[in-house]
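Peer 1: sequence isn't available, so here's the structure alone:
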């Protein structure tokens with residue numbers, strides 16, 4: 001387990017957030033939810049804990065607020081508790097009943113594929129994950145796992161037995177002002193995981209574009225494309241009005257082309273200087289097509305996922321087309 005999964009905010013006093021993202025898709029693909037436990041400290045030092053939920057089918061979202069003393073997270077392992085709710089790499093247990101709504105049940109995770117760790121496998125941010133004073137840090141915990149259990153969401157019983165999931169987290173001061181994020185684990189061609197993010201990253205009074213992408217089919221094919229390993233993002237296009245993006249990644253071990261289409265989503269709260277008052281729209285039923293080729297141009301994976309997570313955060317209606325970066 002990568003240490004970034006552990007709680008990082010023990011000594012933070014203000015302008016800080018930390019949240020873990022659990023994506024859950026049922027075997028019949030009738031149910032798709034994301035559950036986000038976390039904490040935040042505003043510029044005045046006021047603290048809160050929360051559990052956010054999004055139902056991809058209806059687009060409805062819930063923001064359950066908890067007093068900060070109800071939040072407890074370990075710094076030596078991935079283990080988070082908020083009141084009567086618990087979250088870790090083995091599963092999650094929910095018992096929420098607030099004025100906002102209710103969510104109850106237990107899910108356990110099996111056949112997990114954690115993100116690789118070790119000196120040869122730095123976190124998804126690579127060396128940038130070690131740089132102090134970054135606005136936001138990102139970590140992938142599970143690329144893929146299988147699920148057992150059921151969830152009762154506002155009286156609707158959701159069967160997740162045989163389903164699959166994904167876990168990641170973010171922590172720092174604020175989400176990037178402009179960014180795009182994609183994540184897919186359901187592909188028609190078979191089990192695989194793909195994650196891509198591109199953002200304008202502020203650092204020491206400057207700003208630079210950065211991106212990363214990671215693909216694995218769990219059968220020996222693994223590719224990483226990122227700013228820090230001298231990969232290139234070619235033919236980059238994104239349109240917030242249409243909810244689309246496309247690009248071609250070229251790296252040391254091949255190339256990956258992708259296209260994505262936003263589906264209906266729900267509004268989630270996101271941090272700005274530790275204040276959870278920014279709204280972002282997230283879909284977890286977006287459609288993603290990708291094609292992976294080796295250095296000889298041979299196609300080694302090509303497929304479509306219709307249960308992808310997707311967020312586009314640019315100025316409303318902006319269309320960006322860039323040949324390369």
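Peer 2: Received it, and whenever you're ready, just let me know what you need. Source: prediction; values computed, not measured.
Peer 1: how about the secondary structure of the closest residue to residue 279 other than its chain neighbours?
Peer 2: Excluding its sequence neighbours, the residue lying closest to residue 279 (C-beta to C-beta, 6 or more residues apart in numbering) is residue 267, at 4.9 Å. C-beta here means a position set from N, CA and C on the backbone, and glycine is covered the same way. With DSSP: H, G, I helix; E, B strand; the rest coil as the basis, residue 267 sits in strand.
Peer 1: go on, residue 128?
Peer 2: Counting by three-state DSSP, the backbone at residue 128 sits in helix.
Peer 1: how close does the nearest residue to residue 66 once chain neighbours are set aside sit to residue 167?
Peer 2: Among residues not flanking residue 66 along the chain, residue 49 sits closest, at 4.2 Å (C-beta to C-beta, 6+ apart). Per C-beta to C-beta, to the nearest Å, residue 49 is found 18 Å from residue 167.
Peer 1: who has more neighbours, the two?
Peer 2: With neighbours defined as other C-beta atoms under 10 Å, residue 49 and residue 167 compare such that residue 167 has more, 27 against 23.
Peer 1: ok, then the element right after whichever helix or strand that one is part of?
Peer 2: Using DSSP states H and E, residue 167 maps to strand 163-172. Following strand 163-172 in sequence order, the next helix or strand is strand 179-184 (DSSP H and E).
Peer 1: mind giving me the packing neighbours of that following strand?
Peer 2: Secondary-structure packing of strand 179-184 (3 or more C-beta pairs under 8 Å, 6 or more residues apart in numbering; DSSP states H and E): strand 193-203, strand 275-293, strand 299-313.
Peer 1: now do that strand against strand 193-203, angle only.
Peer 2: 160 degrees (axes from the mean of the first three to the mean of the last three C-alpha atoms, to 10 degrees).
Peer 1: so what are the sheet partners of strand 179-184 and their directions?
Peer 2: According to DSSP bridges, strand 179-184 forms sheet pairs with strand 193-203 (antiparallel), strand 299-313 (antiparallel).
Peer 1: apart from its chain neighbours, what residue comes closest to residue 309?
Peer 2: With C-beta to C-beta, 6+ apart, the residue lying closest to residue 309 is residue 183, at 4.2 Å.
Peer 1: would a markdown table of the strands paired with strand 179-184 with mean neighbour count be doable?
Peer 2: Compiled in a markdown table, the strands paired with strand 179-184 are given as follows (neighbours: other C-beta atoms under 10 Å):
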| stretch | mean neighbour count |
| --- | --- |
| strand 193-203 | 21 |
| strand 299-313 | 20 |
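Peer 1: can you tell which of the ones you listed is closest to residue 70?
Peer 2: Nearest to residue 70, of all the strands paired with strand 179-184, is strand 299-313, at 27.4 Å by C-beta to C-beta.
Peer 1: hey, what's the angle from that closest one to strand 275-293? Just curious.
Peer 2: Using the same axes, to 10 degrees: strand 299-313 against strand 275-293 is 160 degrees.
Peer 1: I'd like to check the angle between strand 299-313 and strand 163-172, please.
Peer 2: If you take the same axes, to 10 degrees, strand 299-313 sits at 50 degrees to strand 163-172.
Peer 1: hmm, back to that, by mean pLDDT, show me the worst of the strands paired with strand 179-184.
Peer 2: In terms of average pLDDT, strand 193-203 trails the rest of the strands paired with strand 179-184, at a mean of 89.
Peer 1: C-terminal to it, what's the next element?
Peer 2: Next in sequence after strand 193-203, counting helices and strands by DSSP H and E, comes strand 206-216.
Peer 1: just checking, what packs against that following strand?
Peer 2: When contacts are defined as 3+ C-beta pairs under 8 Å, 6+ apart, strand 206-216 packs onto strand 136-153, strand 193-203, strand 222-226.
Peer 1: try it again at 6 Å.
Peer 2: Packing partners of strand 206-216 (3 or more C-beta pairs under 6 Å, 6 or more residues apart in numbering; DSSP states H and E): strand 193-203, strand 222-226.
Peer 1: for the longest one, what is the distance to the chain centroid?
Peer 2: Here strand 193-203 shows a centroid-to-chain-centroid distance of 11 Å under the convention C-alpha atoms, centre = their mean, to the nearest Å.
Peer 1: sounds good, over and out.
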